[in-house]
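Student: got a sequence here, can you build the structure:
(2 chains)
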Amino acid sequence: MLQGTVSIEGQADDLVAGDLTRHGLNLTVAEARRITELLGRDPTVVELTIFNTMWSEHCSYKSSRKILRELLPTDAPNVVLGPGEDAGIVRFAEAEDGDWYCFVIAHESHNHPSQVLPVEGAATGIGGIVRDVYCMGADVVGVLDPLRFGDPAGPSGPQVISIARGVVEGIAQYGNALGVPNLGGDIVFDGGYDENCLVNVVAVGVVKESQILRSRVPPQAEDTPYRLILVGKPTDDSGFGGAAFASEDLAGEEEANRGAVQVPDPFLKRVLTEANKRVLELARRRGATIGFKDLGAGGISCVTSEMAHAGGFGVRIDLDRVNLAPGHFPPAVISCSETQERYCLAVPGEIVDEVLAIYNDDFELPHLYHGAGAFVIGEVTRETNYRIESKGEVVCDAPVDVITTGISYERARQPRRLLFEEPELDPGRSLHDDFLAMLASPNLASKNYVYKRYDSEVQGRAVLRPGEADAGVIAPLPGRSVGLAFSVDGNPFYGVIDPYQGGALAVCEAARNVAAVGAVPATITDCLNYGNPEVEEVFWEFAEGVRGIGDACRGIGLITHEGSPIPVVSGNVSFYNQGESGKAIPPSPIIACVGIVEDYSKCRSIRWKDEGDTLYLIGEPLDELGGSEYYRTIYRTFGANVPQADFIRQRRLIKAVVEMHSLGWVLACHDVGQGGLLTTLAEMAMGGGGGELGFTLELGEIPSGLPPEKFLFSESGAFVLELPPGLEREVLALCTRNGVKLYKLGSLVSHPRLEVLSGGSRCAVWGLDELERAFLGGCRGIFGLGEV
Amino acid sequence: MTETFAGKVAIVQFPGVNCEYETAAAVEAVGAEAGLFRWNEDPGRLEDSLAIILPGGFSYQDRIRAGVVAAKDRVMDKVAELALAGRPVLGVCNGAQVLVESGMIPGIHWERIDLALAPNIMTDREGYFCTWVHLRCEESGCVWTRRFSIGSVLPVPVAHAEGRFVTEDAGVLADMRDNNQIVLRYCDSGGTVEDVFPVNPNGSVENIAGICNKEGNVLAMMPHPERATWLRQIPEDLAGAWGRKRRLAAGRADTMEGEGPGRAFFTSLIGT
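Tutor: As a prediction, this is how the structure comes out:
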């Protein structure tokens, strides 16, 4: 007999709605009726709670799935595993034994929890994303964190600053303690995030293809009895309703929602990671195939039903065998709470005792953390039913495929009416002062304070660290020259003007950034942060952004496989990013790109290297400064002419730059993006601080056809390269062959200053020390007091 | 990982440490064998080890105070016993905190804790700080630095929130000086020991980065030599001779896979 059923069939809507609210469920009455229909009877509280999570926007992608499927390319010859499981997997180097080394990548958001409890929210963001990578059998080799905060100088300034500091602290606390290096990230400030910050997290791992683990009950369960082991922290009610919470807007319920934020514990995770390694070694040694999955949204019920469903089996769970924290928790809470630092394993009966011994005896989990440990909580059944028992009673009993049935909504969309105008440029402005103001604006200013809060050295694989180049680079395989490059990007200001370009340009920028260190873009992941999808204009922004991403992936394509798109192997959709005022955040698709470089020793920092070397610009600054730093900082306007992503041109640029790197010509390379050409030159000159070389840019010698300010601050995608002198003819031939525009800018000098001339007369000159003061001090008072 | 530690360098894996693998790799880079010793294994297995390393990380979650819980672990009795008999012991970062909390460093007064690794004091920032610093090798009888000449300057990264060597007892500082126990000092890329941030990244007294016991076989250091074992690990833009060497190696993966400044700590384990 089923325990605790809720009457829905034949009940009036208002009674059903009242019951749903009383049980703390976000399901609509229509959804509850649909569940009753699927089950063929009234559901239990536990069943409703499971559906509440599984049908949340966060888990079900109910608004986004159709559009993602339709618009994003997910397959390419290098892809081992695309979207669908916890992380995507891509091959990057052949192993000596004919196996393949693969990288594993996952990308998530932890926006709502971080707004409410910044330290814990951001820390559990890292904690959750690394589990997604670990559970594929990989070693995690790094994390990246794209962050978006409100305006520190705006009306919510103090709160914005406290959130920004808390988020950085949370990322540092978790990542540093876990021993996973920070490989990069970016930070954008804008008033549009005052009430809803964005904390996206990316984790990357490395695994041999033959050792990939799947998040499912293995087919061997057909012949051998398999048990389900739950390992980790004792289950409590933390994070109960977390996925559902992430799928609501933050309308003044921050206090009430605090319980929905999980409690992070990197120490326990670190011990679990070591114990897991020993368990996987044991399984390999004994020839046992196991299933392995992390507990995230929806807790025990989601992980076990999804593992069963993916394997084509059923499971029987006994909640009395789950290790609990002190307290009394009803079955619905035990089944669905999102307590951190837990994994589920499907293990053949004959190694169960040994697996438990590794966790409980060798690594003393119960001793290290009160109530932690590994316990058998259920068994795999051939009959494909999903059954949960508690205190001898059945609290959930339904076919697995009913539990995991998706839900999909067709959302209406409506183009937003856009009214943007180009500013009239004021010829009387001081280029000198304007540029210093730009460099000192928090969006362009150095984030060195933040980088040094994170451990970027642990594991000893770092080649280029955050801030040293456009992409972070690691040497993942000891003794081998292959390198992996990582970048995360997403400029929200383009998307405000044109959400399609916002998506497309994020892909272009991320791809250019890995190319800037000589890496070939191999895959992207996307985290799509938008407002309420039930608002037609917001859903339009979302659909446009996805269309832009898809077009860019196909348009740029894999350089290594003509005709293949850059695959999107993992990602996440985060809706309902809005605050009390109901105003959605700016459309914020954030892209992570991974590039592969054959020889990491050719990856160079952006800092200028030697006097007498030649600077080149490849690519073409155009009159498209809409959303640019220049317009926004100096003219306090967005402008209208947003950059138009030209995929063919981007592909050619990337190809040309990668080729120059592989020829060993490149001494320094920096992408032209936010802040335009002049910012690129200044950042190369400063090289993070203490720059010693200078440069004079003579605008008269560059036939751009643009007014000087537009040429200097256009954000049309391009690269500045430092090459040794004397290569002019070769460089021109290479660029001509690749169909890209080349401008020779001039030679580096030993005088530490940056100068702009026009037809011989000086427009402006800056000492590197004054540039550094502006750049290094621009975030003073936000993350901390200082700048080092 | 291993059945026996005879002739091997034992790396003690307290719960929460996180640098054990790169430390093992650094040991193996010099041709020695490394093995992980899980904290609760039989300490007797360490008996025939070549040396013992306490790696960095957050042993026991830094509960109470960094290093203090691990310092009370029963394996540390064995480590102290072997150290007393002359076994080389190296504690890096959290390992250094364990050695200080166990009283093995500076080890001037029997079983007395004379030193602390206190929270960093920095200009305009607080908490955890990860950066590259330069170290000057001072005159000492430390076995772990016997491959360095006195006054040599080496870049190595630091990454910690509590790395400031302090003592309440001025006599201890004088004793350490007299006994040549101060092995490493923070300096600038030219080798000048100047007590300014970030040359001294944590406010350590007398810029101390590493201290050995009187006998010289036990070294506690906050910087991470295992993260500077290969040339490729050095930041390209780093000032000083090693930075120049790194820039000159660009485009040559073989050179990049060559020796970094921290490797000599591990080379000291082998040969005569």
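Student: can you give me the end-to-end span of stretch A:658-678?
Tutor: Stretch A:658-678 has an end-to-end distance of 23 Å (C-alpha to C-alpha, to the nearest Å).
Student: for chain A, which helix or strand comes out least confident on mean pLDDT?
Tutor: Sorting the helices and strands of chain A by mean pLDDT, DSSP states H and E puts helix A:254-257 at the bottom, at a mean of 48.
Student: stretch A:447-459 close to chain B?
Tutor: Yes: residues of stretch A:447-459 are located near chain B by C-beta under 8 Å from any C-beta of the partner chain, namely A:449, A:452-459. C-beta coordinates here come from the backbone N, C-alpha and C atoms, glycine included.
Student: centre of the chain versus that stretch, how much separation?
Tutor: 18 Å (C-alpha atoms, centre = their mean, to the nearest Å).
Student: for stretch A:525-535, same thing?
Tutor: 13 Å.
Student: mind listing what's buried in that stretch?
Tutor: A:525-533, A:535 (16 or more other C-beta atoms under 10 Å in any protein chain shown).
Student: now tabulate the residues you listed in CSV and tack on pLDDT, distance to chain B and secondary structure.
Tutor: Formatted as CSV, the buried residues of stretch A:525-535 follow (pLDDT from 0 to 100; distance: C-beta to the nearest C-beta, whole Å; DSSP: H, G, I helix; E, B strand; the rest coil):
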residue, pLDDT, distance to chain B, secondary structure
A:Thr525, 97, 25, strand
A:Asp526, 97, 29, strand
A:Cys527, 97, 26, strand
A:Leu528, 97, 31, strand
A:Asn529, 97, 28, strand
A:Tyr530, 97, 34, coil
A:Gly531, 96, 34, coil
A:Asn532, 95, 37, coil
A:Pro533, 95, 39, coil
A:Val535, 95, 41, coil
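Student: got those as a markdown table, with distance to B:Ala6 columns?
Tutor: Shown next, in a markdown table, are those (distance: C-beta to C-beta, whole Å):
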| residue | distance to B:Ala6 |
| --- | --- |
| A:Thr525 | 47 |
| A:Asp526 | 53 |
| A:Cys527 | 51 |
| A:Leu528 | 56 |
| A:Asn529 | 56 |
| A:Tyr530 | 61 |
| A:Gly531 | 64 |
| A:Asn532 | 66 |
| A:Pro533 | 64 |
| A:Val535 | 70 |
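Student: so of the residues of stretch A:447-459 next to chain B, which ones are in strands?
Tutor: Among the residues of stretch A:447-459 next to chain B, no member is found in strands (DSSP state E).
Student: show me where the stretch 201-350 of chain A has helices.
Tutor: With DSSP state H, counting those that start in this stretch as the criterion, the stretch 201-350 of chain A has helices at A:242-246, A:254-257, A:266-285, A:299-311, A:331-336.
Student: other SSEs contacting the longest one?
Tutor: Where contact means 3 or more C-beta pairs under 8 Å, 6 or more residues apart in numbering or on different chains; DSSP states H and E, helix A:266-285 is packed against helix A:118-134, helix A:157-178, strand A:226-232, strand A:342-348, helix A:352-357, helix A:365-368.
Student: what comes up buried for the second one?
Tutor: Burial within helix A:157-178, assessed by neighbour count using 16+ other C-beta under 10 Å, is assigned to A:159-161, A:163-178.
Student: ok, now which ones touch B:Ile113?
Tutor: Shown in contact with B:Ile113 (C-beta atoms under 8 Å, 6 or more residues apart in numbering or on different chains): B:100-101, B:103.
Student: kindly give a single PyMOL line that selects the buried subset of those residues.
Tutor: In PyMOL syntax, the buried subset of the contacts of B:Ile113 is picked out as below (16+ other C-beta under 10 Å):
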select buried, chain B and resi 100+101+103
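Student: of the contacts of B:Ile113, list those near chain A.
Tutor: Applying C-beta under 8 Å from any C-beta to the contacts of B:Ile113, none is adjacent to chain A.
Student: what's the closest of the contacts of B:Ile113 to chain A?
Tutor: Set against chain A, the nearest of those by C-beta to the nearest C-beta is B:Glu101 (17.6 Å).
Student: which one is the closest one nearest to, not counting chain neighbours?
Tutor: B:Ala71 (3.7 Å; C-beta to C-beta, 6 or more residues apart in numbering or on different chains).
Student: what's the closest of the contacts of B:Ile113 to A:Ala310?
Tutor: A:Ala310 lies nearest to B:Glu101 out of the contacts of B:Ile113, by C-beta to C-beta, at 47.7 Å.
Student: hmm, that closest one is touching B:Arg63, no?
Tutor: No: using C-beta atoms under 8 Å, B:Glu101 makes no contact with B:Arg63, being 12.0 Å away.
Student: which pLDDT value goes with the nearest residue to A:Gly767 once chain neighbours are set aside?
Tutor: Sequence neighbours aside, A:Arg753 is the residue nearest to A:Gly767 in space, at 5.1 Å (criterion: C-beta to C-beta, 6+ apart). On the pLDDT scale, A:Arg753 is placed at 97.
Student: can you give me the neighbour number for A:Arg753?
Tutor: By other C-beta atoms under 10 Å in any protein chain shown, the residues close to A:Arg753 number 18.
Student: same deal with B:Leu135?
Tutor: Using other C-beta under 10 Å: B:Leu135 sits among 30 other residues.
Student: so what's it up against?
Tutor: Contacts of B:Leu135 (C-beta under 8 Å, 6+ apart): B:153-156, B:184-187, B:209-210, B:223.
Student: how about a cut-off of 10 Å?
Tutor: Counting by C-beta atoms under 10 Å, 6 or more residues apart in numbering or on different chains, B:Leu135 makes contact with B:145, B:148, B:152-156, B:158, B:183-187, B:191, B:193, B:207, B:209-210, B:221-223, B:225, B:228, B:261-262.
Student: kindly report the same for A:Gly142.
Tutor: A:Gly142 makes contacts with A:103, A:130, A:133, A:175, A:180-184, A:202-206, A:456, A:458-459, A:461-462, A:472, A:474, A:476, A:484, A:486, as judged by C-beta under 10 Å, 6+ apart.
Student: can you flag which of these belong to strands?
Tutor: A:103, A:182-184, A:202-206, A:462, A:472, A:474, A:484, A:486.
Student: phi, psi for the closest residue to chain A within the stretch 51-200 of chain B please.
Tutor: When distances are taken as C-beta to the nearest C-beta, the stretch 51-200 of chain B reaches nearest to chain A at B:Asp124, 2.3 Å away. Main-chain torsions, B:Asp124, degrees, to the nearest 10: phi 60, psi 20.
Student: shouldn't it be in contact with A:Arg780?
Tutor: Yes: when contacts are counted by C-beta atoms under 10 Å, B:Asp124 is listed as touching A:Arg780 (8.1 Å).
Student: which of those two has more neighbours?
Tutor: For the pair B:Asp124 and A:Arg780, the greater number of neighbours falls to A:Arg780 (16 against 12), based on other C-beta under 10 Å.
Student: give me the element that one is part of.
Tutor: In this assignment (DSSP states H and E), A:Arg780 forms part of neither any helix nor any strand.
Student: any figure for the gap between it and chain B?
Tutor: As defined by C-beta to the nearest C-beta, to the nearest Å, A:Arg780 lies at a distance of 8 Å from chain B.
Student: please, where are all the helices along chain B?
Tutor: B:20-29, B:68-71, B:74-84, B:94-101, B:170-178, B:241-248, B:253-256, B:263-267 (DSSP state H).
Student: ditto for the stretch 1-150 of chain A
Tutor: Under DSSP H, counting those that start in this stretch, the stretch 1-150 of chain A gives helices at A:13-22, A:29-39, A:45-54, A:57-60, A:65-71, A:111-116, A:118-134.
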